[in-house]
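Engineer: give the three-dimensional model of this entry:
(chains A and B)
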Amino acid sequence: MRRVYLDNNATTPVLPEVFEAMRPFYLEQFGNASSIHHYGQHARAAVEKARASVAALVNARPAEIVFTSGGTEADNLGIFGLVQRGDHVITSAIEHSAVMNSCKRLEQMGCEVTFIPVGASGEIYAGNVEAALRANTRLISIMMANNETGVIQPVDEIGKIAQEADVFFHTDAVQAAGKVPIDVQKIACDALSISGHKIHAPQGTGALYIKKGTLIQPQIYGGSHERQRRAGTENVPGIVGLGKAAEISKHWLESGGPAEMAAMRDRLQDAVLATMEDVGVNGLGAPRVPNTTNLWFDHIEGEALVIALDLKGLAVSSGAACSSGAIEPSHVLLAMGLPHQRARASIRISLGKQTTQDDIDFAIKVIPETVARLREISPVYQKVAADSRR
Amino acid sequence: MPAQTIAVAMSGGVDSSTVAAMLRAEGHNVVGLTMQLWNQRRLAGHEGMPEQVQGRCCSIDDVYDARRVAEDLGIPYYVVNHEERFERDVVRPFIDEYLSGRTPIPCSLCNNHLKFDQLLITARQIGADMLATGHYARCEFDATRHRWLLRRAADPAKDQTYFLFGLTQEQLSRTLFPLGHMNKPQVRELAREHHLALAEKPDSQEICFVPGGDYKRFIDAYLNEQGEQLPDTSGELVTTDGKVLGHHEGVHNFTVGQRKGLGVATGSPLYVININGAEGKVTVGGNDDLLSRTLIARDLNWIAIDGLHDSGAAANTPMRVHAKIRHRHEPARAVLENAPNGEVRVTFEEPQRAITPGQAVVFYQDDLVVGGGWIAETG
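Structural biologist: Residues are numbered from 1 along each chain as shown, chains lettered A, B, ... in the order given. Predicted coordinates:
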């Protein structure tokens, strides 16, 4: 069976060049980067080269990059590392659970947290962030791009607000990195999280940018790795992969990659909108990363659509998967004010660097026919259709 | 049977796993589905519920077991979330029934509203023609009656038709019960033949979403989580001849036939005979007072017939059946007649013990399920 993968916001395949770059560090060049001998020196050099590549992707200095086990750990370090009991924190209602649940934990630990709402387009209004500032506000943590809608948030404005108020600004850029240019100087953020496996590096890799001079409390204790900001032997092959993926991403961003990808995404989106009734795009009015579209199809369950599409060979996603794999309605779409039913009737389609025009053709073929079948068997849709005939 | 696309409702237990293996071996396109119905962690810490709730329902271990079986069989497998529907159609009615002085039976509600309704719809939407389950029951089409019939399982000890009386003709036409002709040892043997890792996994018994079977604690915790007060259904504990023995804290603490925990001490054993939810009155009496010969059933579903007819060509009353009034009850001879408001009067040949409002009553003729309903009151 032909299989097409359009769930790249969940994870991406490791690119062959990335895998090749990593391979020697599992086999011949397996050293511990802290060792003084030849093996260790070689591993250290590779880690530092990767650090420079990751720094270049976000216009930071290499020393400002801390490698982590992924986006979630980077978010945890960027939040718990900057906040103390009694502080006030501002975040948004549409954060990824890595930030959302960290902030809920902060509440339990004696911090106050303000969750900024979003508008119908999925954008956070920077004025609401400014209005939420208090005398004891210590940190603003607002994502750069949303994982479900792809909507890009006004981080430049928020960075300015944070700077003027002299509070820390952390941004979860996991879904923005490698898709849109990132400049930590322009954003004026103090911390920024990225994840390897969203940019074609392996799972279990990530990094946190921490602005030079920012005192951050480590969250993992042990050896003096990562300039005493994150203990634990470096995942050298993973870090090398992340570095290579960052290099590839930077080149892709500078050579017209985003526009090409957006064109493919729009071709798919427009074809679905043109051929079907009762469909729409969540977050359409807002600026979005080029690889993501979030579509609603009234009168169906997004969950059933995802399964039906998977059985036909197309991998997409809907809502947030809980531990069993069952799907919860998306808190992001609900926060945007979508009715419960429509939030449940939405699916996310996300392209990767490996996505081809053929893949898009396949999706354009199977999505409408599958939605039609679901509606045929949907008691709600049959009732709506009967009422409209009357 | 020609190769079809068949969805199998997989629980992570031996029965449904074996069904998946059997159908796969027969050459069908099999898709495994598990319903996520209830989040056990939801009530953790509420009103006496421990912080770590160990309930069986939708436990992650069972899902992983099912996923492993699916992987071994090489079939696609999905977990589908029907928590909202389960809460609305099973959990809420379960609580409301107890608070009205009845003793509910959530498994039948779950079958009617979730497994053979919502899950069957999901199955059809994803392209399956049929839904197969691991229930012990038999289903077949009868050409002369032009009806789908439900029959008791070949193994009377495992028969589950009592919980399936609510299935409609449409649902039965799309349902497969591949284990209906087998007994449990045969199923386990088949599981071993198919090299299912969980062939020796023990059977589950309790109401899946109520940890430890403590439904009173569950009700308290649920209402607390919802920010609701437990309604005051306290009242008098009286004897059959009207003598007040004492006061009780709420009708949901009682079930017909209950002997322990009445809070009164007398010479002879006392049992709950009747619960009047509206007045909060609980009547107790001796063992003989538990016997009654009639009951009224409501919300009937007919399977082998299209209804009870008093006259005309299709007249079929009074109808002689064997009626089963609880899961562990040997069906007893009874006669069915129409009662007002679409209800049915069931009159037993011999008095039956502890007929309990809220439970189902299911009518059989030999191994055939004629239909069934919910016990509204005893006569």
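
Engineer: going forward, measure contacts and count neighbours with C-alpha atoms only.
Structural biologist: Will do.

Engineer: doesn't A:F168 make contact with A:L192?
Structural biologist: No. A:L192 is beyond contact range of A:F168, at 11.1 Å (criterion: C-alpha atoms under 8 Å).

Engineer: those two: who's more crowded?
Structural biologist: A:L192 (29 against 23; other C-alpha atoms under 10 Å in any protein chain shown).

Engineer: toward the C-terminus, what is the element adjacent to whichever strand or helix holds the more buried one?
Structural biologist: Taking DSSP states H and E as the criterion, A:L192 maps to strand A:191-195. Going down the chain from strand A:191-195, the next helix or strand is strand A:206-210, by DSSP H and E.

Engineer: can you pull the buried residues of whatever helix or strand comes next after that next one?
Structural biologist: Downstream of strand A:206-210, the first helix or strand assigned by DSSP H and E is helix A:225-228. Of the residues in helix A:225-228, those buried by neighbour count under the rule 16 or more other C-alpha atoms under 10 Å in any protein chain shown are A:225-226, A:228.

Engineer: which residues are in contact with helix A:225-228?
Structural biologist: In this structure, residues lying in contact with helix A:225-228 by C-alpha atoms under 8 Å, 6 or more residues apart in numbering or on different chains are A:34, A:66-67, A:218, A:231-234.

Engineer: these in helices, which ones?
Structural biologist: Judged by DSSP state H, the contacts of helix A:225-228 include no members of helices.

Engineer: mind picking the two most distant members of these?
Structural biologist: Longest distance between any two of the contacts of helix A:225-228 is 18.8 Å, between A:S34 and A:P218; criterion C-alpha to C-alpha.

Engineer: now do the same contact list for whichever residue of the stretch 101-250 of chain B sits closest to chain A.
Structural biologist: Closest residue of the stretch 101-250 of chain B to chain A, C-alpha to the nearest C-alpha: B:I126 (4.3 Å). By C-alpha under 8 Å, 6+ apart, the residues touching B:I126 are A:304-305, A:307-308, A:311, A:374.

Engineer: mind checking what helix or strand follows the longest helix anywhere in chain B in sequence?
Structural biologist: Secondary structure of chain B read by DSSP H shows that its longest helix is helix B:60-73. The helix or strand immediately downstream of helix B:60-73 is strand B:77-81, counting by DSSP H and E.

Engineer: partner strands of that next one, parallel or antiparallel?
Structural biologist: Next to strand B:77-81 in the sheet, as set by DSSP bridges, lie strand B:29-36 (parallel).

Engineer: how far out from the middle of the chain is the strand it pairs with?
Structural biologist: Chain-centre distance of strand B:29-36: 21 Å, with C-alpha atoms, centre = their mean, to the nearest Å.

Engineer: could you give the average pLDDT over it?
Structural biologist: Strand B:29-36 carries an average pLDDT of 94.

Engineer: then stretch A:199-217?
Structural biologist: On average, stretch A:199-217 scores 97.

Engineer: now the helices for the stretch 1-150 of chain A?
Structural biologist: In the stretch 1-150 of chain A, the helices defined using DSSP state H, counting those that start in this stretch lie at A:16-22, A:38-57, A:71-80, A:97-108, A:126-131.

Engineer: out of those helices, flag the one nearest A:G256.
Structural biologist: Closest approach to A:G256 among the helices of the stretch 1-150 of chain A (C-alpha to C-alpha): helix A:38-57, 15.5 Å.

Engineer: give me the buried positions along the closest one.
Structural biologist: Quick answer for helix A:38-57 (16+ other C-alpha under 10 Å): A:39-44, A:46-57.

Engineer: what's the neighbour count on A:Q357?
Structural biologist: The burial count assigned to A:Q357 is 13, neighbours taken as other C-alpha under 10 Å.

Engineer: so what pLDDT did the closest residue to it other than its chain neighbours get?
Structural biologist: Closest residue to A:Q357 apart from its sequence neighbours, by C-alpha to C-alpha, 6 or more residues apart in numbering or on different chains: A:M264 at 7.0 Å. pLDDT for A:M264: 98.

Engineer: next SSE after the helix or strand where A:M264 lies?
Structural biologist: Using DSSP H and E, A:M264 sits within helix A:257-275. Where DSSP H and E defines the elements, the next helix or strand beyond helix A:257-275 is strand A:279-281.
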